[in-house]
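Peer 1: when you get a sec, could you give me coordinates for this:
(one chain, ligands or ions: 2)
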Amino acid sequence: MLSTASGRLLWREVTLFDGQQQLPEPMAVLVEQGRVAALWAEKDFDPVLAVGTEEAGRGGVMTPGLVDCHTHLVYAGDRAVEFEQRLQGVSYEQIARAGGGILSTVRATRAATEDELIAASLPRLDALLADGVTTVEIKSGYGLTLEDELKMLRVARRLGTLRPVRVVTTLLGAHALPPEYVGNSDGYIDLVCQQMIPAAAQQGLADAVDVFCEGIAFSPAQCERVFQAAIAHGLAIKAHAEQLSNLGGSALAARYGALSVDHIEYLDEAGVRAMAESGTAAVLLPGAFHVLRETQQPPIALLRQYGIPMALASDANPGTSPICLPTLMANLACTFFRLTPTEALAGMTAHAAYALGHKELGRIAVGAPADLCLWDVRHPAELAYAIQAGRLRQRVFAGVVTYVR
Ligand code: NIG
Ligand code: FE
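Peer 2: Ligands and ions are numbered 1, 2, ... in the order given. Alright, predicted model coming up:
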């Protein structure tokens, strides 16, 4: 790690993407006490103000540290066999209904100890960090018992102590119906609402609660009960909604003030309008779209028309998005959904932070936490244009250079 006694670091002549846009001129950036202390256009740079600082870098593209606002990073096992089944024409839904899919990862995750889950998840986290992530959201949802869900959340929190990264955790108890509750899905929702949510809240293990609102998962009425319990325990709300069909889960979540609704390929205008009214972000997951070979496009034009913040995330998970290369998501979002590279980068920085309710992150501004990436590319758009690992020159977390290539 590179830090100075003064905690003052200076970058010169960087092309700066501030979380929303590329600034028109080369910039100098001063970091002090973990925060961005000053920003200058190079032509206005005042060397007196920077006396005693260490020059940490020159040239390159600087962006906010990437925010991966939707992952299922903690799990055991893999689903390579299902990948082959899907290539032979079996659908994700058919695999799920036959007891595979999410439930196959549940079996492996239940059998794993916390240390085993840490060991399985760290390489995935390291891959995200090596591609510029400084904040990552991690969901539970492969435990589906009180103890196994809490175990996953503890592992997620521990990951944040083992690496220089901000971890935001989400309880996704309502991810799939566990085998013990077949024929009694309302009984399982009771467990989520009456035990999982209160315990996760009391133990400080979850920042938010998520649901999978879908024919193969939970109904809008069941998700509504989960939202009510989350609110009663002071937790934020998110939803996997409108991924495979339109059940109106996004509008429902928005009515409960959800931070974000995620996937949303089948979202309609009524849903978008509800999101606009509640300030709910749209999280696009082009990795899952790609892996499931989906054709239904999320309603990008409507999201733009209503001014909905569009975030992008890896959705890193063993089934629908076994991908730990966040910059690939920028490329896929442009290629599949026709986002502009600027929209894609905002989607992985400022808008992703918004989707987590952390508006102070994902941007480069005086006073903001100094989570920064310095990339060896010529323009910010190149991060979306080219698919390439290893372009990160420096990663700065809370004002400390934690990675240097
Ligand atoms: O975001 N849609 C539901 N959940 C995950 C997939 C989880 C899995 O298949 O293991 C998703 O795509
Ligand atoms: Fe997901």
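Peer 1: going forward, measure contacts and count neighbours with C-alpha atoms only.
Peer 2: OK.
Peer 1: so how far is residue 100 from the residue of the stretch 251-400 of the chain found nearest ligand 1?
Peer 2: Residue nearest to ligand 1 within the stretch 251-400 of the chain (Cα to the nearest ligand atom): residue 319, separated by 3.8 Å. Distance from residue 319 to residue 100, counting by Cα to Cα, to the nearest Å: 10 Å.
Peer 1: residue 48 too?
Peer 2: Distance, residue 48 to residue 100, using Cα to Cα: 64 Å.
Peer 1: who's more crowded, the two?
Peer 2: residue 100 (18 against 7; other Cα atoms under 10 Å).
Peer 1: and for residue 305, the neighbour number?
Peer 2: 10.
Peer 1: oh sorry, the question was meant for residue 357
Peer 2: Count around residue 357 with other Cα under 10 Å applied: 18.
Peer 1: assign it to helix, strand or coil.
Peer 2: Assigned state for residue 357: coil (three-state reduction, DSSP: H, G, I helix; E, B strand; the rest coil).
Peer 1: residues contacting residue 102?
Peer 2: The contact partners of residue 102, taken as Cα atoms under 8 Å, 6 or more residues apart in numbering, are 96, 142, 176, 319.
Peer 1: highest neighbour count among those residues?
Peer 2: Busiest of those [other Cα under 10 Å] is residue 142, holding 28 neighbours.
Peer 1: just the pLDDT for it.
Peer 2: Looking at residue 142, its pLDDT is 98.
Peer 1: my guess is it meets residue 105, correct?
Peer 2: Yes: in this structure residue 142 lies within contact range of residue 105 using Cα atoms under 8 Å: 6.2 Å.
Peer 1: overlap in contacts of those two?
Peer 2: Joint contacts of residue 142 and residue 105 (Cα under 8 Å, 6+ apart) are residue 75.
Peer 1: tell me where the model's unsure across the stretch 101-250 of the chain.
Peer 2: Applying pLDDT under 70 to the stretch 101-250 of the chain picks out no residues at all.
Peer 1: ranges for the strands of it?
Peer 2: Remark: strands assigned in the stretch 101-250 of the chain by DSSP state E, counting those that start in this stretch are 133-139, 166-174, 208-213, 236-241.
Peer 1: get me the contact residues on the stretch 301-405 of the chain for ligand 1.
Peer 2: Taking Cα under 6 Å from any ligand atom as the contact definition, the stretch 301-405 of the chain meets ligand 1 at 315, 317-320.
Peer 1: apply 8 Å and report the result again.
Peer 2: Residues of the stretch 301-405 of the chain lying close to ligand 1 (Cα under 8 Å from any ligand atom) are 315-321.
Peer 1: out of those residues, which sit inside strands?
Peer 2: Cross-referencing these with the strands (criterion: DSSP state E) gives no overlap at all.
Peer 1: most surrounded residue in the residues you listed?
Peer 2: Highest neighbour count within those: residue 315, with 31 neighbours (other Cα under 10 Å).
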